[in-house]
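Trainee: need coordinates for the below:
(one chain, ligands or ions: 1)
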Amino acid sequence: MSKIQVVGAIIIKDHKLLAAQRASNRVLGGYWEFPGGKIEPSETPEAAMSRELKEEFGAKATVFEKFSIDGIAELEFGEVILHCYYVRLDSNISKTIAHDELRWVTPDEALALDWAPSDVAVIKALAKTGFNYEY
Ligand SMILES: Nc1nc2c([nH]c(=O)n2[C@H]2C[C@H](O)[C@@H](COP(=O)(O)OP(=O)(O)OP(=O)(O)O)O2)c(=O)[nH]1
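Mentor: Below is the predicted model of the structure:
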């Protein structure tokens, strides 16, 4: 099964996480996810993250450390391996082209959302941190 390497952004402000709902016309449409996308061949995860956030949000981003666990799920189109990084947005979100909704959520609110399969273990571990990351 083909492996799909994906970066996901953990964007935290005032102890809330920016959760994104994939647009209904996309693969895994309707599921909640970390903003980001596929890592292109020859691209570092950090470069992929900056590129995706520019494309999806029109925003500049600084990529900080990697989260302690990766997400993994075998789906019909391949095996998604999700690498999450703490990210600070350095400019406002000026557009949204990939999502139906963006929502700032508390840990409890995050756990109540319907996350993409590879994200479930990550969001459970992340919620335990209380979204306390200081950039
Ligand atoms: N961005 C993002 N993608 C995720 C997460 N969890 C998860 O399973 N995925 C999947 C959905 C997609 O199959 C893949 C990310 O690719 P993508 O966001 O570029 O979406 P896509 O397949 O529509 O992209 P494309 O082929 O049209 O360029 O990883 C997540 O938390 N964030």
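
Trainee: report pLDDT for the residue nearest the centre of the chain.
Mentor: The centroid of the chain falls nearest to Phe34 when counting by C-alpha atoms, centre = their mean (1.7 Å). Phe34 carries a pLDDT value of 99.

Trainee: pretty sure it is touching Ala9, no?
Mentor: Yes - taking C-beta atoms under 8 Å as the definition, Phe34 is a contact partner of Ala9 at 5.4 Å. Bear in mind the C-beta positions are built from the backbone N, C-alpha and C, glycine included.

Trainee: list residues touching both of those two?
Mentor: Counting by C-beta atoms under 8 Å, 6 or more residues apart in numbering, the residues touching both Phe34 and Ala9 are Cys84.

Trainee: now do the lengthiest strand in the chain, average pLDDT.
Mentor: Taking DSSP state E as the criterion, the chain has its longest strand at strand 78-89. Mean per-residue pLDDT for strand 78-89: 98.

Trainee: that strand: what's the following helix or strand?
Mentor: From strand 78-89 onward toward the C-terminus, using DSSP states H and E, the following helix or strand is strand 99-105.

Trainee: I'd like to know how far Tyr31 sits from Met49.
Mentor: 19 Å (C-beta to C-beta, to the nearest Å).

Trainee: picking that back up, same for the longest strand of the chain, what does it pack against?
Mentor: If you count contacts as 3 or more C-beta pairs under 8 Å, 6 or more residues apart in numbering; DSSP states H and E, strand 78-89 packs onto strand 3-10, helix 45-57, strand 61-66, strand 71-75, helix 120-127.

Trainee: make CSV from those and add distance to Tyr85 to it.
Mentor: Listed next are these as CSV, based on distance: least, C-beta to C-beta, whole Å:
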stretch, distance to Tyr85
strand 3-10, 6
helix 45-57, 6
strand 61-66, 5
strand 71-75, 12
helix 120-127, 11
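
Trainee: one step back: which one of Tyr31 and Met49 has more residues nearby?
Mentor: The residue with more neighbours, out of Tyr31 and Met49, is Met49; 26 against 17, by other C-beta atoms under 10 Å.
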